[in-house]
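Asker: Need a 3D model of the following:
(2 chains)
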Amino acid sequence: MTTTTPPTTGSAANAASGARNYPGYGRPFWQRLLLRREAAIIGLLVVVIVVASATVPHFAAPITYNFLLLDMAPVLLISLPMTLIIITGEIDLSVASAMGLSSSVIGLLTQAHWPFPAAAGVALVVGAVGGAVNGLLVTRVGLPSLAVTIGTLALYRGVAQGLLGTTAVTSFPAFWTDLATSTIPGTLIPSVTIVIAVLAIVFGVLLHFTPFGRGIYAIGLSPDAAVFSGVKIQRTKFILFVLAGLVSALAGIFYTLRFGSARGDNATGLELSVVAAVLLGGVSIFGGRGALPGVLAGALVIGVLASALRLAGITSDVINVITGTLLVLSVILTSFLAWLQRTRLSAGRKRRVTNGPASS
Amino acid sequence: MFQTRHSVRLAGVATLAAAAMLLAGCAASGGSSSGDSGSKNYAITFLPKNLGNAYFDTSDAGGKKAIAEFKGTYAEVGPATAAPDAQVSYINTLTQKQVGAIVLSADDQKAPCSAINQAQKAGVKVVTFDSDTAVGCRDLFINQATADGIAKVEVDMISEQIGDSGEIAILSAAANATNQNAWIDIMKKELAADHPNIKLDDVVYGNDDDQTSFDKTAALLQTYPNLKGIISPTTVGIAAAARYISTSAYKGKVAVTGLGTPNQMKAYVKDGTVKEFALWNPGDLGYLAAYAAKALIDGTITGKEGDSFKAGTLGTFKVGADGTVLLGDPFKYNASNIDQFNF
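Answerer: Residues are numbered from 1 along each chain as shown, chains lettered A, B, ... in the order given. Got it, this is the predicted structure:
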């Protein structure tokens, strides 16, 4: 500590710390990179994979990752826009219903002998419109997104089941269904991973390296401050809901092709996996905090755990209990760490205040 | 100060890592490997539509019994709720574990097919029971009953219960229910051909709704005072009809029979409202499916039409068209056996 005047009050202590490089980062780059929640989740992912490979028979085989990525692809895809929405402090619970709706639309149009790309295009438009409806109700009408999207969760699912009834459409061109489950030539990595990677980069750049993305954090941290900083809150949220609808429809198309079966009840309940992945990935449900790499790792942790536990012959109920416990733990841990940090910080400040004169 | 903050963060990371170890550790302790019995891989896993379903508990217990008889390894896995894609990850997992066979009641006709094909390529035999996938996607389907068998057993039961003469009515599901309509057509032919003294007064539709079926039963009894029996080829209908009659003056005078489940019908069989009703025996269905899986693993059958195999105490079965094996005539439930069933 190189203060010249001994600080006597709290404000003086702040002024003193201002003197020692306040605008710069408080910690070196490697610490900022590694000592954060996202790093903890990525570390957890690595640990789970290592432990599962060592202890669960058959887990280490490459095919495991093929199945795992195929299983988790819809969650990985939708978690991208969901992360952005939750960082603004909103939520979209209608994503799985939008997938079902997209699936039903493709099924219906395929039944009517539309070429597949055209049917998929219409499904994407329907998804975007569904997202726009959510966005309008949240931004123009000013309703809370939780209420709006619980409503559209039921609405879109109802329409999806109404469109197809109890029938399942299964007559999809083999070219497209094969493409959905195909692998990158020479590897066992599913081709859909490329789509996930491209979208992850697009959403990552959008969130972390553009003014639009900084605005998303600003909205989540303090809407008032965001308004005065020139962030267009309503427009930003509206765009995010449309993106969520669009990506959900895309996930619905993939889902339909992967299973070769278009049904109104496809992907029921998937929204909970998406929200779980986002929260496990270190995004704060109150908005303003989180990063995409953590979310991708969070989704993969859920997938790897489920896959390892299934291979170990553990029933689905227990798998749900474990995933749920992990989620609760991760949320508690965030609050606990924040609390610990706060008490340590204020304790440290007090210490510094009392030690101030002695050290100079 | 920064030092303490680091240690807090590090402690957090360590806690998470420890949690992961714990989870993975518990995964390892619960691990099971594919069982081998002699040279053949008799590790057979049942994959019902969902777990915690009494019907599948019964069928899978039948499978377990059969597998114990030929000293294989029985296991049961499945999703908590039946969803179209829910079984796919389980089929994938079982493929990785290299089980000998999967016995499956499919949640969706098409969704599991690509996973099943992958399993078959890896040498895993796939038998469906109760609910089939698309033909050609699995090796064998164990069919619980045929339309002819169901229609015939219902006509036989009613003629026996009313002394082969008198007026009867049918309380069906929805007016456009495919299965029920097919059965009713066969019943009408059967009645006309073999039971000239039985007169079918009416066919009414309760829409598989408990209250509607209850009301339709009341209406039937008032419209046709000479009615001696009601056939209800649907589990909802037969339970509603029995409930109405058990509390009315018609109890013991008007016979009720059809398709029902033991748990629904136990009370009415015990109080004398219902003498006998039919359904297949899920335990036998699972038992037969397990033996079919064994025959496929042994290579004694391949699933083509005309193949035949032995299924323990149930006898010898033949593979019919489209790789289907028929369990046989529906099973009749009455006061003497109903307590043995819980589904």
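Asker: helix, strand or coil for B:V325?
Answerer: strand (DSSP: H, G, I helix; E, B strand; the rest coil).
Asker: Which pLDDT value goes with it?
Answerer: At B:V325, the pLDDT value in this model is 95.
Asker: Now do the contacts for the closest residue to B:L220 other than its chain neighbours.
Answerer: The shortest distance from B:L220 to any non-neighbouring residue, by Cβ to Cβ, 6 or more residues apart in numbering or on different chains, is to B:A169 (5.1 Å). For every residue, glycine as well, the C-beta is placed using N, CA and C. B:A169 makes contact with B:200-204, B:220, B:224, B:227, B:229-231 under the criterion Cβ atoms under 8 Å, 6 or more residues apart in numbering or on different chains.
Asker: How far does the helix or strand containing A:S248 sit from its chain's centre?
Answerer: Using DSSP states H and E, A:S248 falls within helix A:233-259. In this view, helix A:233-259 has its centroid 13 Å away from the chain centroid, taken as Cα atoms, centre = their mean, to the nearest Å.
Asker: go on, stretch A:249-261?
Answerer: Relative to the centre of its chain, stretch A:249-261 is centred 20 Å away, using Cα atoms, centre = their mean.
Asker: In terms of pLDDT, where does residue 257 sit?
Answerer: No chain was given, so I picked chain A. For A:L257, the predicted pLDDT is 95.
Asker: if you could check chain B rather than the one you did, that'd help
Answerer: pLDDT for B:T257: 96.
Asker: Mind jotting down where the strands sit in the stretch 151-300 of chain B?
Answerer: B:166-172, B:198-205, B:227-232, B:255-258, B:276-279 (DSSP state E, counting those that start in this stretch).
Asker: Tell me which residues are up against the last one.
Answerer: Under the contact criterion Cβ under 8 Å, 6+ apart, strand B:276-279 has outside partners B:150, B:153-154, B:157, B:160-161, B:235, B:238, B:256-262, B:265, B:269, B:330-334.
Asker: what about 6 Å?
Answerer: By Cβ atoms under 6 Å, 6 or more residues apart in numbering or on different chains, the residues outside strand B:276-279 that reach it are B:153, B:157, B:257-260, B:265, B:330, B:332-334.
Asker: Neighbour count and distance to chain A for these - can I get that in a markdown table?
Answerer: Below are these laid out as a markdown table (neighbours: other Cβ atoms under 10 Å in any protein chain shown; distance: Cβ to the nearest Cβ, whole Å):
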| residue | neighbour count | distance to chain A |
| --- | --- | --- |
| B:V153 | 22 | 27 |
| B:M157 | 22 | 30 |
| B:T257 | 29 | 28 |
| B:G258 | 29 | 23 |
| B:L259 | 23 | 20 |
| B:G260 | 27 | 23 |
| B:M265 | 25 | 27 |
| B:P330 | 22 | 25 |
| B:K332 | 17 | 31 |
| B:Y333 | 22 | 29 |
| B:N334 | 14 | 34 |
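Asker: And the furthest pair within these?
Answerer: In those, two members sit farther apart than any others by Cβ to Cβ. They are B:V153 and B:M265, at 15.1 Å.
Asker: Tally up the residues packed near residue 113, please.
Answerer: Since no chain was named, I'll use chain A. Number of residues near A:H113 (other Cβ atoms under 10 Å in any protein chain shown) recorded here: 8.
Asker: Wait, chain B was what I had in mind.
Answerer: 24.
Asker: Then the one 10 residues further on?
Answerer: Around B:G123 there are 13 other residues, counting by other Cβ under 10 Å.
Asker: The residue nearest to it when sequence neighbours are not counted: which element?
Answerer: Of all residues not flanking B:G123 in the chain, B:Q98 sits nearest, at 7.5 Å (Cβ to Cβ, 6+ apart). For B:Q98, there is no enclosing helix or strand under DSSP H and E.
Asker: Just confirm yes or no for the helix or strand containing A:P293 near chain B.
Answerer: Assessed by DSSP H and E, A:P293 sits inside helix A:292-311. Yes: Helix A:292-311 lies within reach of chain B by Cβ under 6 Å from any Cβ of the partner chain, at A:308-311.
Asker: I'd like these laid out as a markdown table, including pLDDT.
Answerer: As requested, the residues of helix A:292-311 next to chain B are exported to a markdown table (pLDDT from 0 to 100):
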| residue | pLDDT |
| --- | --- |
| A:A308 | 93 |
| A:L309 | 92 |
| A:R310 | 91 |
| A:L311 | 91 |
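Asker: Adding distance to A:A168 as columns, could you present those in JSON lines?
Answerer: Shown next, in JSON lines, are these (distance: Cβ to Cβ, whole Å):
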{"residue": "A:A308", "distance to A:A168": "31"}
{"residue": "A:L309", "distance to A:A168": "29"}
{"residue": "A:R310", "distance to A:A168": "25"}
{"residue": "A:L311", "distance to A:A168": "29"}
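Asker: Between the residues you listed, identify the one with the most neighbours.
Answerer: Counting neighbours by other Cβ under 10 Å, A:A308 leads these with 28 neighbours.
Asker: I'd guessed that one sits against A:F59; true?
Answerer: Yes: under the criterion of Cβ atoms under 6 Å, A:A308 makes contact with A:F59 at 5.4 Å.
Asker: Can you check the pLDDT for A:S94?
Answerer: What the model reports for A:S94 is a pLDDT of 97.
Asker: and it, what is it in contact with?
Answerer: A:S94 neighbours (Cβ under 6 Å, 6+ apart): A:149, A:152-153, A:156.
Asker: For chain A, which residues are neighbours of chain B?
Answerer: For chain A, the residues in contact with chain B (Cβ under 6 Å from any Cβ) are A:35, A:40, A:43-44, A:47-48, A:51-52, A:55-58, A:67, A:71, A:170, A:181, A:259-261, A:263, A:266, A:268, A:308-314, A:316-317, A:322, A:337, A:340, A:344, A:348.
Asker: what about burial for those, which qualify?
Answerer: A:35, A:40, A:43-44, A:47-48, A:51-52, A:55-58, A:67, A:71, A:170, A:181, A:259-261, A:263, A:266, A:268, A:308-314, A:316, A:322, A:337, A:340 (16 or more other Cβ atoms under 10 Å in any protein chain shown).
Asker: Return the helix or strand in chain B with minimum mean pLDDT.
Answerer: helix B:2-29 (a mean of 46; mean pLDDT, DSSP states H and E).
Asker: next one: chain A
Answerer: Using mean pLDDT, DSSP H and E, the lowest element in chain A is helix A:10-19, with a mean of 46.
Asker: what's the distance between B:I186 and B:V153?
Answerer: 11 Å (Cβ to Cβ, to the nearest Å).
Asker: ignore the last one, B:N226
Answerer: Counting by Cβ to Cβ, the gap from B:N226 to B:V153 is 25 Å.
Asker: Same check on A:V141?
Answerer: From A:V141 to B:V153 the distance is 60 Å (Cβ to Cβ).
Asker: Also B:T45?
Answerer: B:T45 is 32 Å from B:V153, by Cβ to Cβ.
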